[in-house]
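> Build me a structure from this.
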Amino acid sequence: QVQLVESGGGLVQAGGSLRLSCAASGRTFSTYAMGWFRQAPGKEREFVAAISRSGRSTYYGDSVKGRFIVSRDNAKVYLQMISLKPEDTAVYHCAAGPSVYSSSVYYRAGQYVYWGQGTQVTVSS
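Purely as a prediction, here's the structure:
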């Protein structure tokens, strides 16, 4: 089992930057593909970014391409966000999905098994 705890959210002005972290417990972290999703009030959950368990493959949602970068190390996954916009305001969740292939990335929420509680990101105009 994997437990995920996000941090790094906060209030930032439009055009600013934030770096989210997701700490994972469990010795099997390296066997999981990881993803970031977000959900704004009244909106459906949206895929943001994904990274393979090897870290060599990444995939991004159209709305964040060129502005967000996902990365990982032995125990955490990160989401570097730049050029933030008010429409990026949401609760950001990280998720872990068991991965057979080291290069697999997942963009569907149903492909993830474990989820963190989320961290709030608010971008003011």
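> what stretches of this protein score poorly on pLDDT?
Using pLDDT under 70 as the threshold, the predicted model of the chain has no low-confidence range.
> show me where it has strands.
For the chain, the strands defined by DSSP state E cover 4-7, 10-13, 18-24, 32-39, 46-51, 58-60, 68-72, 76-81, 90-98, 114-115, 119-124.
> Pick out the residue nearest the middle of the chain.
The residue lying closest to the centre of the chain (C-alpha atoms, centre = their mean) is residue 36, at 2.2 Å.
> right, and that residue touches residue 80 too?
No - in this structure, residue 36 is not within contact of residue 80 by C-beta atoms under 8 Å, at 10.9 Å. The way it works is simple: take the backbone N, C-alpha and C, and place the C-beta from them, glycine included.
> any common contacting residues for the two?
Common contacts of residue 36 and residue 80, defined by C-beta atoms under 8 Å, 6 or more residues apart in numbering, comprise residue 70.
> Residue 95 contacts residue 34, doesn't it?
Yes - between residue 95 and residue 34 there is a contact under C-beta under 8 Å: 7.0 Å.
> When those two are compared, which one has more neighbours?
When residue 95 and residue 34 are compared on other C-beta atoms under 10 Å, the one with more neighbours turns out to be residue 34, at 31 against 24.
> Pretty sure residue 98 sits against residue 113.
Yes - under the contact definition of C-beta under 8 Å, residue 98 touches residue 113, with a separation of 6.4 Å.
> and the closest residue to residue 68 other than its chain neighbours, what are its bridge partners?
Counting by C-beta to C-beta, 6 or more residues apart in numbering, residue 68 lies nearest to residue 81, which is 5.1 Å off, once chain neighbours are set aside. Under DSSP bridges, the beta-bridge partners of residue 81 are residue 18, residue 68.
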